[in-house]
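Next come a sequence and a model predicted from it.
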Amino acid sequence: MLRFDVPPVWSNAVRVDALLTFAISAAALLGFPYLVPVLSVMSLVRGFLGHHRCPSHRLYAGLLQKLGMAGKQENAGAKMFANKLLLIASTIATVLYLAGSGMWVLPVSALLVFSFLESLFSFCVACWAYTLWYRLRGA
């Protein structure tokens, strides 16, 4: 379902968001797991309020526009869905870490892989699932 109630997002700004998610996930796996809640906060804002309200996304979009490297504008619906899934995974990882379980590594590892695919290849697994869901549901 396309979202026209929120502004579209710049494709390369979303890729930088994914690169930040990748960097935080990698840092968490390398011994800094207390950084994972940052992903929860960022994804909460981007997933429920919109990318246009996320300070980091606005910074990237503004810088990329000034440099002429913002890419193309995309509908924000699928990206908001992806951020809702990011919120779920990062919250689960945070709760598991705070509970003293080593299982927090699993959702963070998934975030690492999926954010790598988005940042490097512009392939958003959650966006693909979002589109498939609405195609199957509408059929």
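Now that the structure is in, tell me what you want to look at. Numbering: from 1, shown residues only.

just how off-centre is the lengthiest helix in the chain within its chain?
In terms of residue count, the longest helix belonging to the chain (DSSP state H) is helix 77-98. Using C-alpha atoms, centre = their mean, to the nearest Å, the distance from the centre of helix 77-98 to the centre of the chain it belongs to is 8 Å.

I'd like the next helix or strand past it.
Past helix 77-98, further along toward the C-terminus, the next helix or strand under DSSP states H and E is helix 105-121.

the inter-axis angle of that following helix versus helix 77-98?
150 degrees (axes from the mean of the first three to the mean of the last three C-alpha atoms, to 10 degrees).

Next, the buried residues of the host helix or strand of L63.
Here L63 is covered by helix 55-67, with elements defined by DSSP H and E. Along helix 55-67, these residues count as buried under the neighbour rule (16 or more other C-beta atoms under 10 Å): 56-57, 60-61, 64. (C-beta placed from N, C-alpha, C; glycine too.)

Next: stretch 125-132.
Neighbour counts over stretch 125-132 (16+ other C-beta under 10 Å) mark 126-127, 130 as buried.

In contact with the residue most central in space within the chain, which residues?
Of all residues in the chain, the one closest to the mean position by C-alpha atoms, centre = their mean is N83, 4.5 Å from it. Contact partners of N83, counting by C-beta atoms under 8 Å, 6 or more residues apart in numbering, are 42-43, 46-47.

so which two of these are the farthest from each other?
For the contacts of N83, the maximum inter-member distance is 9.0 Å, found between M42 and G47 (C-beta to C-beta).

tell me which of the contacts of N83 is nearest to A23?
Taking C-beta to C-beta as the measure, A23 lies nearest M42 of the contacts of N83, at 12.1 Å.
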